[in-house]
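> need coordinates for the following:
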Amino acid sequence: VAALVSGPIVDACTMYYKHQLEQQQDHQQGQDGTSFHQNMLIVDPAPDETDTATTDSEAWQFTGYRMVCFSAVIANAVGVMMAFTVREIKLDRPSPQIEHGITDETNKPSNVTEFKPVKGSPWAILQETVRTKTFWRFLLVCLITLNVRMIFRHLDATLPKYMVREFGENVPKGTIYSINPAMIICMVPIITAATSKVDPLVMIHYGTYISAASVFLLAMSTSVTASILFIIILSIGEAIWSPRLYDYTMSVVREGREGTYMALSSAPLFLAKLPVGFLSGYLLEKYCPKEGHRESRMMWLIIALLTASSPVFLT
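Just a heads-up that it's a prediction; the model follows:
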């Protein structure tokens with residue numbers, strides 16, 4: 001929901017403060033033109049400390065990017081306060097009674113108890129985790145899906161600059177980005193409920209193919225329409241495989257070790273953010289520079305080929 005709201009907010013703040021800045025610049029240019037002859041005849045005295053302080057205070061402006069950062073600080077502060085109200089619970093469903101070959105699950109209330117994770121030293125937890133065979137299979141799945149999950153880093157780092165440089169500063173990049181969280185909110189519950197009986201690895205396999213295919217649209221066309229279709233198809237694939245990856249994680253983990261497995265599943269993704277950032281900067285500088293000749297389709301083709309390795313290795 002936060003990602004859905006933040007996209008249009010970014011566009012609105014950027015356009016509002018950009019308009020304010022343009023008005024101030026036009027006003028300043030008008031003043032400069034009016035006082036041109038006076039400035040040619042009158043020599044301004046050396047500025048004192050008061051003038052310098054006034055100039056510095058007038059130079060600071062509440063820009064669109066500062067507004068975005070300020071709203072993020074407020075949202076994070078609210079999130080931290082809400083986190084203290086969260087209660088960890090465990091839902092214990094009673095075993096169904098079987099009479100005459102018929103399972104009776106009607107009117108069986110579930111017991112809600114406090115969740116207590118298995119405690120131990122970090123070294124003991126790590127040793128226990130790496131000794132299980134399911135962990136290594138789980139780690140292999142996480143590593144294979146790493147490249148397809150890197151699309152979302154390019155969604156944050158590469159796509160906005162690409163759109164601004166190709167289509168101008170007035171392109172609604174935030175609103176286009178918000179298509180992704182809007183579709184995820186609507187589609188994940190429906191797809192998860194409809195495919196609950198399908199093996200998680202099968203859904204991960206099919207979903208990563210769809211997500212990887214989305215990048216090839218940008219490799220074929222440099223247009224706003226292609227960017228929107230890229231977000232739509234990427235979101236469809238994400239709605240298929242992303243929740244089932246967490247489902248697969250919970251299916252292989254021992255009770256009380258959920259946090260350990262979730263942290264280990266996210267570790268490769270966070271470690272890969274640094275090289276992806278360098279790759280994004282390099283590809284933008286080489287194929288989609290701010291000024292000069294651009295070959296943006298080649299940039300997205302390279303990203304698409306890297307992404308396509310995930311579903312191929314899952315086959």
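
> name the helices or strands packed onto the helix or strand containing residue 281?
If you go by DSSP states H and E, residue 281 is part of helix 258-287. Other helices and strands packing on helix 258-287, by 3 or more CB pairs under 8 Å, 6 or more residues apart in numbering; DSSP states H and E, are helix 122-130, helix 133-144, helix 146-149, helix 151-157, helix 159-167, helix 224-252, helix 296-314. Backbone N, C-alpha and C define where each C-beta goes, glycine included.

> how distant is it from the center of its chain?
12 Å (CA atoms, centre = their mean, to the nearest Å).

> tell me what angle that helix forms with helix 296-314.
In terms of direction (axes from the mean of the first three to the mean of the last three CA atoms, to 10 degrees), helix 258-287 departs from helix 296-314 by 150 degrees.

> could you give the angle of helix 258-287 to helix 133-144?
Going by the same axes, to 10 degrees, helix 258-287 makes 20 degrees with helix 133-144.

> next, the buried residues of helix 258-287.
Buried residues in helix 258-287, counting neighbours by 16 or more other CB atoms under 10 Å, are found at 260-261, 264-265, 269, 272, 276, 279-280, 283-284, 287.

> one step back: now the helices and strands packed on helix 258-287 in TSV, with mean neighbour count and mean pLDDT?
Formatted as TSV, the helices and strands packed on helix 258-287 follow (neighbours: other CB atoms under 10 Å; pLDDT from 0 to 100):
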stretch	mean neighbour count	mean pLDDT
helix 122-130	12	79
helix 133-144	15	84
helix 146-149	22	88
helix 151-157	18	88
helix 159-167	18	92
helix 224-252	19	90
helix 296-314	19	92
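
> of those, which is nearest residue 189?
helix 224-252 (9.0 Å; CB to CB).

> against which helices or strands is the closest one packed?
helix 133-144, helix 151-157, helix 159-167, helix 173-177, helix 179-194, helix 200-220, helix 258-287.

> and the ones you listed as JSON lines, adding distance to residue 126?
Shown next, in JSON lines, are the helices and strands packed on helix 224-252 (distance: least, CB to CB, whole Å):
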{"stretch": "helix 133-144", "distance to residue 126": "10"}
{"stretch": "helix 151-157", "distance to residue 126": "27"}
{"stretch": "helix 159-167", "distance to residue 126": "37"}
{"stretch": "helix 173-177", "distance to residue 126": "37"}
{"stretch": "helix 179-194", "distance to residue 126": "31"}
{"stretch": "helix 200-220", "distance to residue 126": "25"}
{"stretch": "helix 258-287", "distance to residue 126": "8"}
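
> so where's the stretch 51-200 of the chain uncertain?
Residue ranges of the stretch 51-200 of the chain with pLDDT under 70: 51-65, 90-112, 114-118.

> let's see 50
53-57, 98-103, 105 (pLDDT under 50).

> CSV please, covering the buried residues of helix 258-287 and showing pLDDT.
CSV is the format used below for these (pLDDT from 0 to 100):
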residue, pLDDT
260, 78
261, 79
264, 76
265, 74
269, 75
272, 77
276, 87
279, 91
280, 91
283, 94
284, 93
287, 94
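
> quick one: contacts for residue 229?
Neighbour list for residue 229: 214, 217 [criterion: CB atoms under 8 Å, 6 or more residues apart in numbering].

> quick check: it vs residue 239, distance?
Using CB to CB, to the nearest Å, we find residue 229 at a distance of 16 Å from residue 239.

> please apply the same query to residue 214.
12 Å.

> next: residue 224.
For residue 224 relative to residue 239 (CB to CB), the value is 23 Å.

> same question for residue 200.
Relative to residue 239, and taking CB to CB, residue 200 is found at 14 Å.

> chain neighbours aside, what residue packs nearest to residue 167?
In this structure, residue 167 finds its nearest non-sequential neighbour in residue 224, 5.9 Å apart by CB to CB, 6 or more residues apart in numbering.
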